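S.K.: after the sequence you'll find the predicted model.
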Amino acid sequence: MVKQSLIDAGADLVEICETAGHPIVYGEKIIDASLPTVLVYGHYDVQPADPVELWHSPPFDPVIKDGKIYARGSADDKGQVFMHVKAFEIMMKNNALPCNVKFMIEGEEEVGSVNLGIFVKANKEKLAADVIVISDTSLIANDVPSITVGLRGLSYVEVEVVGPNKDLHSGVYGGAVDNPVNVLCDMISKMKDADGHITIEGFYDDVEIVSDADRAEMAKAPFDEEAFKKGLGIKATRSEKGFSAPEGSSIRPTLDVNGIWGGYIGEGAKTVLPSKAQAKISMRLVPYQDPAKITQLFKEHFERIAPPSVSVKVTPHHGGDPLVIPTDFPGYRAASKAMEESFGKTPIPVRGGGSIPIVALFEKELGLKSILMGFGLNSDDIHSPNEHYGVFNYLKGIETIPLFFNHFAKASK
């Protein structure tokens, strides 16, 4: 479908590039080799729709309601990818494409982009460009445009705590044998102190210290804490001591349990002392933290704090490097001018709390900086039931992307 949409929009060459996992769709329109080239990156894969029963409509049948497109991937990232396809189509139909364009749309972003990394390293000439544009981020608000200039990195692990060699009767053995679920909960609780500070030895050694001046600039971005709490149905925010909620979700590293299980979780009661307990844990990282180093520090810490009554296992999954993008190069300036033209306001540079692991690899392997010009909102419920994407945002993206092309082409002359 992605391939056909690019062909229909006017690309000269479109191909499906097989990998060891899901394929990559590559397309291009080269109008003049002497002109600059924009490489558009996005992904067609999505997070699982579970729990499906919480969706108001089928997750893979888009429904437009209240000015929003409800579907898994509508904001992350199918809808934002399709903005670029339609913007390209408009430029082609109006003979208004001012520079060359290449598309690289992958199918494994949500699981670490391992095969895309291999593809990029093997196809540097094919992917040669002057800048990369990615729409997989959010605006501060529909009336407060912004461009993401920083991403946190990621270390993702799965842990297992094993006690007895089988599930036991909690009456017969409770009080004599350690419960792996209790042990795991206790170990997790010890990974942060009362101030929200992560207790893993060496975890903060390489953390970027953001200056007071930069923090003051970031604080200029509007943030309504009461509206934030109301929207999430919470009574209070919780951040590391000394940092605001926006800072906690952008310039500070985190450790969070993404899922935990063990023992009997079916209907009714079963008085069991489980044999093992498991959890998935992610750590968002900030500039200068190395995902491989953090994963190793976590493993050593987890093994060290385990009591002798259990054995533990740490299985690393995927990770990604943190990144900060400068605001003083032609790509950023072109994006800023384009958004100012379409929104009527100069966009605010912000640091995002999420991760797009492949961006750092693009810079390393292709020597290209990326523009993170997304049009979603933090309230779009990405990765959650009832993910949605505003029709306003979708159309505003289609309006802004050609403006970026024009400004970038002029800046590159």
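M.R.: Nice, I can see it.
S.K.: what is Val131 paired to in the beta sheet?
M.R.: Note on Val131: beta-bridge partners Val38, judged by DSSP bridges.
S.K.: who touches it in this structure?
M.R.: Neighbouring residues of Val131 by C-beta atoms under 8 Å, 6 or more residues apart in numbering: Pro36, Val38, Leu39, Pro330, Gly331, Leu368, Lys369, Ser370, Ile371, Phe408. To be clear about C-beta, it is placed using only N, CA and C from the backbone, and glycine gets the same treatment.
S.K.: and the third one, how many neighbours?
M.R.: Taking other C-beta atoms under 10 Å as the criterion, the count of residues near Leu39 is 22.
S.K.: same question for the fifth one.
M.R.: Residue crowding around Gly331 was assessed by other C-beta under 10 Å; the count is 26.
S.K.: can you check the first one too?
M.R.: Residues within reach of Pro36, counting by other C-beta under 10 Å, total 21.
S.K.: wait, it touches Asp130, no?
M.R.: Yes - using C-beta atoms under 8 Å, Pro36 is in contact with Asp130, at 4.3 Å.
S.K.: before we move on, the earlier item: out of the contacts of Val131, who's nearest Val111?
M.R.: Closest approach to Val111 among these (C-beta to C-beta): Ser370, at 20.0 Å.
S.K.: nearest residue to the closest one other than its sequence neighbours?
M.R.: Once flanking residues are discounted, Ser370 sits nearest to Ile132: 4.2 Å by C-beta to C-beta, 6 or more residues apart in numbering.
S.K.: is it correct that the one you found is in contact with Phe362?
M.R.: Yes - counting by C-beta under 8 Å, Phe362 is a contact partner of Ile132 at 5.6 Å.
S.K.: name the SS class of the residue lying closest to Val2 once chain neighbours are set aside, please.
M.R.: Distance criterion C-beta to C-beta, 6+ apart; nearest residue to Val2, sequence neighbours excluded, is Val25 at 4.5 Å. Of the three states, Val25 takes strand according to DSSP: H, G, I helix; E, B strand; the rest coil.
S.K.: ok, Val25 - contacts?
M.R.: Under the criterion of C-beta under 8 Å, 6+ apart, the neighbours of Val25 are Val2, Lys3, Leu6, Val14, Glu15, Ile16, Cys17, Tyr44, Phe103, Met104, Ile105, Glu106.
S.K.: just the buried subset of the residues you listed, please.
M.R.: Val2, Lys3, Leu6, Val14, Cys17, Tyr44, Phe103, Met104, Ile105, Glu106 (16 or more other C-beta atoms under 10 Å).
S.K.: mind listing which of those residues are in helices?
M.R.: Using DSSP state H, the subset of the buried ones among the contacts of Val25 located in helices is Val2, Lys3, Leu6.
S.K.: closest to Pro308 among these?
M.R.: Val2 (53.3 Å).
S.K.: surely the closest one touches Asp77?
M.R.: No - under the criterion of C-beta under 8 Å, Val2 makes no contact with Asp77, lying 11.4 Å away.
S.K.: touching both of the two, which residues are there?
M.R.: Listed as contacting both Val2 and Asp77 by C-beta under 8 Å, 6+ apart are Tyr44.
S.K.: hang on, the earlier thing: can you list the ones in helices among the buried ones among the contacts of Val25 in TSV and add pLDDT and distance to Met191?
M.R.: Shown next, in TSV, are these (pLDDT from 0 to 100; distance: C-beta to C-beta, whole Å):
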residue	pLDDT	distance to Met191
Val2	98	41
Lys3	98	45
Leu6	98	45
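S.K.: what would those residues look like in a markdown table with distance to Val111?
M.R.: A markdown table is the format used below for these (distance: C-beta to C-beta, whole Å):
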| residue | distance to Val111 |
| --- | --- |
| Val2 | 18 |
| Lys3 | 21 |
| Leu6 | 23 |
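S.K.: which one among those gets closest to Ala176?
M.R.: Nearest to Ala176, judged by C-beta to C-beta, of these is Val2 at 58.6 Å.
S.K.: tell me which residues in the strand or helix carrying Thr295 are buried?
M.R.: Using DSSP states H and E, Thr295 sits in helix 291-305. For helix 291-305, burial by neighbour count (16+ other C-beta under 10 Å) applies to Pro291, Ile294, Thr295, Leu297, Phe298, Lys299, His301, Phe302, Ile305.
S.K.: contacting residues around it?
M.R.: Contacts made with helix 291-305 from outside it, assessed by C-beta under 8 Å, 6+ apart, are listed as 153-155, 157, 159, 187, 190-191, 199-203, 206, 281, 283, 285, 312, 314, 316, 319-321.
S.K.: quick one: which of those sit in helices?
M.R.: Taking DSSP H, the ones among the contacts of helix 291-305 that sit in helices are Met187.
S.K.: coming back round to it: in CSV, list the buried residues of helix 291-305 along with distance to Ala269 and pLDDT.
M.R.: Converted to CSV, the buried residues of helix 291-305 look like this (distance: C-beta to C-beta, whole Å; pLDDT from 0 to 100):
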residue, distance to Ala269, pLDDT
Pro291, 42, 94
Ile294, 40, 98
Thr295, 38, 98
Leu297, 40, 98
Phe298, 35, 98
Lys299, 36, 98
His301, 35, 98
Phe302, 31, 98
Ile305, 31, 97
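S.K.: any idea what sits nearest Phe88, other than its immediate chain neighbours?
M.R.: Ala9 (5.0 Å).
S.K.: typo on my end, Lys78
M.R.: Using C-beta to C-beta, 6+ apart, the nearest residue to Lys78 is Tyr44, at 6.2 Å.
S.K.: isn't the one you found up against Val81?
M.R.: Yes - judged on C-beta under 8 Å, Tyr44 makes contact with Val81 at a distance of 6.6 Å.
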